[in-house]
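Engineer: give me a model of this one.
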Amino acid sequence: MKRATPFTILLAIALIGCQTVEKKGPESTSNVEKVVITYVDSCWNTGDFSALDSIVGKGFVRNLNGLEVANGPMELEAYIQNYIRAFPNLRITVNKFIEKDDKVILEWSFSGTNTGEFAEFIATGKKAIVNGVTLITFDSEGKMIQENTYYNELYLLQQLGFTLNPPNLK
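Structural biologist: As a prediction, the model looks like this:
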């Protein structure tokens, strides 16, 4: 009988330790997560900017690879529109979502076919897939006030057929 007690305790610990964490349901989604879902799905994936003013806070700044590319909702919409024109079928998929205090880290994938002008480059008709990371900071009202996005732009351009030539040192 004494041998059964340690076994029972060990079994109980193993069962407790092996329990899986249930995935959040829609009712337990945080407000910040709802903002991110709206931002990615509505703005980026479908080009619906009707909610942009309600999810972007005063003084919003978007940085890409350390460079400031948009201030406020109007510039952000214009910035996203450039990508949508260049990649009409673009799709952003959030692979990982980490929320801590007033910050969210997203690990994401971008895919799309370049059928429109991208920056100063003509359309190539080529498909591109890029992974990246974004850090979004929220204000006390749960609105986005800063977005720092990082991805390999050279890799994107190489998939579109562009090359990097070494400098002429002569």
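
Engineer: quick check, pLDDT for N165.
Structural biologist: In this model, N165 is scored at 88, pLDDT.

Engineer: over to the one 5 residues further on?
Structural biologist: pLDDT for K170: 85.

Engineer: in the chain, where is pLDDT below threshold?
Structural biologist: Within the chain, the segments meeting pLDDT under 70 span 1-28.

Engineer: all strands of it, in order?
Structural biologist: With strands called from DSSP state E, the chain shows them at 56-64, 67-71, 91-100, 103-113, 127-138, 144-151.

Engineer: what comes up buried for the longest one?
Structural biologist: Residues of strand 127-138 classed as buried: A128, G132, T134, I136, T137, F138 (neighbour count, 16 or more other CB atoms under 10 Å). Quick note: C-beta positions are derived from backbone N, CA and C, even for glycine.

Engineer: can you add distance to K170 and give the strands of the chain back as a markdown table?
Structural biologist: Shown next, in a markdown table, are those (distance: least, CB to CB, whole Å):
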| stretch | distance to K170 |
| --- | --- |
| strand 56-64 | 34 |
| strand 67-71 | 31 |
| strand 91-100 | 43 |
| strand 103-113 | 38 |
| strand 127-138 | 34 |
| strand 144-151 | 34 |
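
Engineer: closest one to T29 among these?
Structural biologist: Closest approach to T29 among the strands of the chain (CB to CB): strand 91-100, 10.4 Å.

Engineer: hmm, who's touching that closest one?
Structural biologist: Identification of contacts with strand 91-100 by CB atoms under 8 Å, 6 or more residues apart in numbering yields 30, 32-33, 36, 40, 44-45, 104-112, 131.

Engineer: hmm, try it at 10 Å
Structural biologist: Strand 91-100 has contacts (CB atoms under 10 Å, 6 or more residues apart in numbering) with 24, 30, 32-33, 36-37, 39-41, 43-45, 83, 104-112, 129, 131-136, 138.

Engineer: which among these end up buried?
Structural biologist: By neighbour count, with 16+ other CB under 10 Å, the contacts of strand 91-100 hold 32, 36, 39-40, 43-44, 83, 104, 106, 108, 110, 112, 132, 134, 136, 138 as buried.

Engineer: relative to A78, which of the strands of the chain is closest?
Structural biologist: With CB to CB as the criterion, A78 lies closest to strand 67-71 of the strands of the chain, at 7.5 Å.
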